[in-house]
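Participant: model the following, please.
(one chain, ligands or ions: 1)
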Amino acid sequence: MIPLLSLRSPASPSSALFHFSPSPPFSSRFTKSPFRRFLPPTKPSLSTNSFSSTSQQLGPQGPQNQQAPRTLFPGGYKRPEIKVPNFVLQLDPDDVLADDNALDFIDKAVSKWVGLVVLNGGEGSGGRVYEAARSLKAVVKDRAYLLIAERVDIAAAVGASGVVLSDQGLPAIVARNTMMDSKSDSVFLPLVARTVQSSDSALNASSSEGADFLIYDLGQEEHVNMAMKTVYENVKIPIFVVNNNSQAEVPSYTELTKIFKSGASGVVLSLEDLRLITDDVLSQFFNIVYTTNNKRQDESIDELEMAEINRGSHQKVGVAGFIKVEDREKQLIEKERSVLTEAINVFQKAAPLMEEISLLIDAVAQIDEPFLLAIVGEFNSGKSTVINALLGERYLTEGVIPTTNEITFLRYSELDRKDMQRCERHPDGQLICYLPAPILKEMNIVDTPGTNVILQRQQRLTEEFVPRADLLFFVISADRPLTESEVTFLCYTQQWKKKVVFVLNKSDLYRNTQELEEAISFIKENTKKLLNTEDVTLYPVAARLVLEEKLSATSDDGKKYREIVFTESNWKTSSFYKLENFLYSFLDGSTSRGMERMKLKLGTPIAIAERILSACETLNRKDCESAEQDLSSANEIIDSVKEYVIKMENESISWRRRTLSAIDATKSRTLELIESTLQLSNLDVVASFLLKGESSTTLPATSRIQNEILGPAIADTQNLLGDYVTWLQSNNAREGRAYKESFEKKWPSITFSDKNYPLETYEMLRKLDELSLRAIENLSANATSKQFEREVREVFLETFGGLGAAGLSASLLTSILPTTLEDLLALGLCSAGGFIAISNFPARRQGIIEKVKKTADALGQELEDAMQKDLQETTQNLEKFVRIIGEPYRDAAQNRLDKLLEVNDELSNVRGTLKMLQVEIQNLHVS
Ligand SMILES: Nc1nc2c(ncn2[C@@H]2O[C@H](COP(=O)(O)OP(=O)(O)OP(=O)(O)O)[C@@H](O)[C@H]2O)c(=O)[nH]1
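Facilitator: Here you go, the predicted structure:
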């Protein structure tokens, strides 16, 4: 850790910019940090039953509802970012449960001003806290972070973002791990905040504890201003202040501004406080804050630029931090810049939410920056000591406990004294220190936090920094060569294709060269396998001894040290010199080592681009699959109407059968009646026709036909067909609704107003000509029975009309013969008597029977056709309806697929261009 010799306003409010990542990594001064965009999902997250299961959703608006892909960093976790300045709303369970309006108010508050909601869990009963936490979670959603104070169990149970621990509460690491176990599917690490009441505990919580932010209760501090100053200057995580002893009812606008200006990241408010502060005050406060911050940011950039100019322009000389570069190389750098700029455009199109793209943006912006050497390794391996030994001064703090908590960026600056340095805290949190060490004229060196520290934040900082380094010095401690966690970290560095030089530090711990050689060969053997290369560079060093030698050397620039190195054959010091030589040989672009440095430097952004490209390709492939799936699902739904049609056809068979069997039954009963009426033996009828003539009263059979057969049959059939029509219409309406719902449910992100559909769309579901009903509506029992009577009368008259009263006696014979067979006998007898006319009777009767049968069959056919037509009309209407409402979904899927395929082509082009660029870089040779 850098001793703050001339720390320039390190924690001025300018560091409290708009987003504060709890563990912000390095980012270039002039570009935004890539990790700033690790924002909490401020919009409601993607619903699981959305159109696709992957990143993009269908929609006329395009893929803006894209879900963030998991990060490329190990474990796939992101550190949640806390927006500052911000308000913390602190609530008791009673605030939430006892007050009916509270939830509405909280809803409004999180939509506007409040970024963090803390529910006090310490004192209330577990049940009430849980109940309140659930209600809060339902209201807050993902718009703000919900944290539960002191109750890790409840925070885990309700899926809260994290916990707030009191001064004496659970260790942060225990709370975080418990939360992580319960949130195994979350991309975001849980937040752990600590309530502190003194500057000492604030410092402790932020550094060794690894809390993500602090709630600082000023009520216990005697010298509030002094305590605040100490805390703000030394604590690098967001601090929200609360004054539980304050007499003031509610902080005024002036107070809020004062608190903010003092360096706090925000204020903790109760529900009551927040209710009393008007929206005007809050919006005014935020306006002022943002304006002030923007101004400060601009100012700080100006100052930094000035500092750059004052420092001298050696870093601007040359290209990409190189001296002696040829035109060819310059052209290559420009080419790389343009290729990568184009690649960035494509990546942003392919995966707009992939935060790592900003890594590439930064890398491209830094293409002209000096070579970046990062020293990585486990904590306590001696990273800071190695750097100090390289620089020849104890600039960085060394120690047996984790001492480097931040990314510390070392740059050259001409300062008056050799042991002098000037450090600045970058708005993103890392330290930039300007030192007068000559080696920094040619490269920037970065000290990173140890990788196997229990504080996850530090490990993440280093992991996130790795992609941007041009060369890694992997420091291994001689007392534990190549641990499991080192192997894991090493494999991670290879995901970014990093060139690694191993530095086996603390070699002085070995008793003899044999021990040293054994260690070297053990490390080399294993790293060769791990890195799949024969070319492993390893330097055994004893950095502490070298540093001491250098410090005790009298002359400048370590001349004495070099003399020692050359004169002494002590490997403990001489091997460090080899490491330095290796590094210095990198400096000259006209040598092959220097050229390798150039290749590494140019390779850094390309490796990042390749990694992002692979991620984009995977994402695009999945998205294409899901778009194809969506398209075929939409088509399947539309086509599934055919199955519905078949089902309806099948079901309609029974309706038709019922109708036909009703007609059949009527026909049979009518025929029966005809048979029984049209008999020669039916003397009553004959007599009544013959004697009474046309004016005779209606036959009993006629009224039976009308009242008992046709009347009820027609009414029944009309009802049946009425039911049939209703069945068709209601099925259509229900099915149409179901189709619409299934589209909406499957792809909730797509919303179409009904106005977008043609006017008659919904009408289609009801529309029906009702041909079947119309076919029967004119059928009258009265008219038909009259017709029947006429026919019967005709038959009788034609048969018996010529006999007269005398002839009738012959026919009396038949009065005792009741059946048709008997009719025939009667016919025989009568024929013998010469009554020929009677012989036509059976044929006439058969004629009527045929006629009735024909009429009934024709009616059956007519009804069947009409019913079929009604069915067709309804199913066709449904098909049309489903096509109309399904079309937008299908089109959206098709459009999305087309766009994705376009992006896929562009990604392939990027891959090709990157490959060519890589070949060109590999072909760079010393001229
Ligand atoms: N014996 C021996 N001890 C060393 C050597 N180099 C460093 N140390 C000691 O190892 C301890 C850790 O050194 P640091 O340089 O702070 O280690 P670091 O890797 O930067 O530690 P963090 O910043 O906490 O990750 C200190 O006590 C150093 O004095 C060495 O060459 N030999």
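
Participant: so whatever residue of the stretch 601-750 of the chain ends up closest to the ligand: helix, strand or coil?
Facilitator: With CB to the nearest ligand atom, the shortest gap between the stretch 601-750 of the chain and the ligand falls at Thr604, namely 23.5 Å. Backbone N, C-alpha and C define where each C-beta goes, glycine included. Here Thr604 is helix, with the state taken from DSSP: H, G, I helix; E, B strand; the rest coil.

Participant: that's a strand at Gln90, yeah?
Facilitator: Yes - according to three-state DSSP, Gln90 belongs to a strand.

Participant: tell me the contacts of it?
Facilitator: Neighbour list for Gln90: 118, 120, 242, 268-270 [criterion: CB atoms under 8 Å, 6 or more residues apart in numbering].

Participant: pLDDT check: weakest of the residues you listed?
Facilitator: Among the contacts of Gln90, Val242 has the lowest pLDDT, at 84.

Participant: backbone torsions only: list them for that one.
Facilitator: The phi and psi torsions at Val242 (degrees, to the nearest 10) take the values phi -140, psi 140.

Participant: tell me the secondary structure for the residue lying closest to it once chain neighbours are set aside?
Facilitator: Nearest residue to Val242, sequence neighbours excluded (CB to CB, 6 or more residues apart in numbering): Val268, at 3.7 Å. Of the three states, Val268 takes strand according to three-state DSSP.

Participant: identify the residues contacting Val268.
Facilitator: Counting by CB under 8 Å, 6+ apart, the residues that Val268 touches are 87-90, 118, 215, 240-242.

Participant: may I see these arranged in CSV, with distance to the ligand as well?
Facilitator: What follows is these, written out as CSV (distance: CB to the nearest ligand atom, whole Å):
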residue, distance to the ligand
Phe87, 36
Val88, 32
Leu89, 37
Gln90, 35
Val118, 32
Ile215, 28
Phe240, 29
Val241, 30
Val242, 33
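
Participant: and the residues you listed as CSV, adding distance to Val129?
Facilitator: Output for these, formatted as CSV (distance: CB to CB, whole Å):
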residue, distance to Val129
Phe87, 22
Val88, 18
Leu89, 16
Gln90, 14
Val118, 12
Ile215, 18
Phe240, 21
Val241, 25
Val242, 20
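
Participant: tell me the one among those residues nearest to Arg704.
Facilitator: Minimum distance to Arg704 across these is 87.1 Å, recorded for Leu89 (CB to CB).

Participant: list the contacts of the closest one.
Facilitator: By CB under 8 Å, 6+ apart, Leu89 lies in contact with 106, 109-110, 114, 116-118, 268-271, 274.

Participant: closest to Asp95 out of those?
Facilitator: Nearest to Asp95 among the contacts of Leu89: Leu271, at 4.7 Å, using CB to CB.

Participant: which residues touch that closest one?
Facilitator: Listed by CB under 8 Å, 6+ apart, the contact partners of Leu271 are 89, 91, 95, 99, 102, 105-106.

Participant: and the closest residue to the ligand within the stretch 801-927 of the chain, how many neighbours?
Facilitator: Nearest to the ligand in the stretch 801-927 of the chain, going by CB to the nearest ligand atom, is Ile921, at a distance of 32.6 Å. Using other CB atoms under 10 Å, Ile921 has 19 neighbouring residues.

Participant: so which of the contacts of Leu89 belong to helices?
Facilitator: Judged by DSSP state H, the subset of the contacts of Leu89 located in helices is 106, 109-110, 271, 274.

Participant: TSV please, covering those residues and showing distance to the ligand.
Facilitator: Output for the ones in helices among the contacts of Leu89, formatted as TSV (distance: CB to the nearest ligand atom, whole Å):
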residue	distance to the ligand
Ile106	42
Ala109	42
Val110	39
Leu271	43
Leu274	42
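
Participant: farthest-apart pair in these, please.
Facilitator: Using CB to CB, these reach their maximum pairwise distance at Val110 and Leu271, which is 12.3 Å.

Participant: any idea which helix or strand in the protein has the lowest mean pLDDT?
Facilitator: strand 19-20 (a mean of 36; mean pLDDT, DSSP states H and E).

Participant: what pairs with the helix or strand just after it, parallel or antiparallel?
Facilitator: Per DSSP states H and E, the first helix or strand lying C-terminal to strand 19-20 is strand 82-83. Under the criterion DSSP bridges, strand 82-83 sits next to strand 19-20 (antiparallel) in its sheet.
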